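Novice: my questions are about this predicted structure, shown below with the sequence.
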Amino acid sequence: MAAAAVPAGAPGASAPERTAVIIEDDDDVRALLEEVLGQAGFETSSAADGRSGVELVERTDPLVTTLDVSLPDIDGFEVCRRIRRVSNTIVVMLTARTDEVDTLMGLDAGADDYQTKPFRPRELRARIEAIMRRQGRSEARSPGDSADPGTTTTVTSDGLAIDLLGRTVSVDDVEVHLTRSEFDLLAALAGEPGHVLSKDGLVRVLWVDEYDVGTPVTGSDRRRVEVHLANLRRKIGDDPAAPRWIRTVRGVGYRFDQRA
């Protein structure tokens, strides 16, 4: 039985560091996810339909949310979009569908990752941990901390401003909301202006621990990078046909052009 999550700010209660919401209508899969996440140190709460899941996320603001695509009331893509309006929780979508279009729709809806069923518990835990480590490295300093001398904490280019410590992005003084993966890819590109970063290299930005030196990058993860970049470009208003910042170098990767 999953432990009930304590709403943030509840009187006399201290929220655990690791909380997870599981949105899954299959009893067996839900029980497996509760076991897998519980073994990873998460306190879990579960919902069997989309609307209840969104309410649970809004009420508890979990660190991680796993989300089934096929739910009895509203599909997981719409659930993910609704979650993104109220929470910055890490969203991992799970589905028995294997069509690439479903993966693209999941990432486009705001998911951080997309796994097919039957999933491998070890891989699911590793993916979640990788996302958390990326965020932890970037949040090692709070926005108010002082940076080391000579360290660049803000990148600007032709109206685009990237706050690397605060993890915020604005275009022409208007804030743009990015997912973790979108921000991390933009930060990686902007960190090496004028240099072409390969798709394989950008995969390793997202899943550094999964790809040791010499480990081949999978085509699905390479495609994930392409989708994240497409979403990033759309959000910041960067037309691939006439790029303002991110240029595609065909057959190689992407380059960030920094301008005054």
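Specialist: Ah, there it is.
Novice: please name the residues that touch the closest residue to I128 other than its chain neighbours.
Specialist: Nearest residue to I128, sequence neighbours excluded (C-beta to C-beta, 6 or more residues apart in numbering): V64, at 5.7 Å. C-beta coordinates here come from the backbone N, C-alpha and C atoms, glycine included. Residues counted as contacts of V64 (C-beta atoms under 8 Å, 6 or more residues apart in numbering) are 18-21, 37, 42, 89-90, 92, 128, 132.
Novice: how close does V64 sit to D112?
Specialist: V64 sits at a distance of 9 Å from D112 (criterion: C-beta to C-beta, to the nearest Å).
Novice: now E35
Specialist: When distances are taken as C-beta to C-beta, E35 and D112 turn out to be 22 Å apart.
Novice: how about the residue lying closest to V208 once chain neighbours are set aside, secondary structure?
Specialist: With C-beta to C-beta, 6+ apart as the criterion, V208 has its nearest non-adjacent residue at 7.2 Å, and that residue is A130. Here A130 takes the helix state, with states given by DSSP: H, G, I helix; E, B strand; the rest coil.
Novice: circling back to that earlier point, can you select the buried ones among the contacts of V64 for me in ChimeraX?
Specialist: ChimeraX command restricting these to the buried ones, with burial defined by 16 or more other C-beta atoms under 10 Å:
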select :18,19,20,21,37,42,89,90,92,128
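Novice: take the contacts of V64 and write them to a markdown table, including distance to V101 and secondary structure.
Specialist: Listed next are the contacts of V64 as a markdown table, based on distance: C-beta to C-beta, whole Å; DSSP: H, G, I helix; E, B strand; the rest coil:
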| residue | distance to V101 | secondary structure |
| --- | --- | --- |
| R18 | 33 | coil |
| T19 | 32 | strand |
| A20 | 27 | strand |
| V21 | 26 | strand |
| L37 | 28 | helix |
| F42 | 30 | coil |
| T89 | 24 | coil |
| I90 | 23 | strand |
| V92 | 18 | strand |
| I128 | 24 | helix |
| M132 | 28 | helix |
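Novice: just the contacts of V64 now: which is nearest V29?
Specialist: Out of those, the one with the shortest distance to V29 is L37. That distance is 12.2 Å, counting by C-beta to C-beta.
Novice: that closest one contacts I22, doesn't it?
Specialist: Yes. Under the criterion of C-beta atoms under 8 Å, L37 lies in contact with I22, with a separation of 7.2 Å.
Novice: for those two, list the residues in contact with both.
Specialist: Common contacts of L37 and I22 (C-beta under 8 Å, 6+ apart): 44, 66.
Novice: after the helix or strand of the chain with the lowest mean pLDDT, next one along is what?
Specialist: Sorted by mean pLDDT, DSSP states H and E, the helices and strands of the chain end with helix 100-108, the least confident at a mean of 75. The C-terminal neighbour of helix 100-108 among helices and strands, as given by DSSP states H and E, is strand 113-116.
Novice: that following strand pairs with which strands?
Specialist: Here strand 113-116 is paired, per DSSP bridges, with strand 90-95 (parallel).
Novice: the residue nearest to V208 and A187, how far apart?
Specialist: Distance of A130 to A187, computed by C-beta to C-beta: 16 Å.
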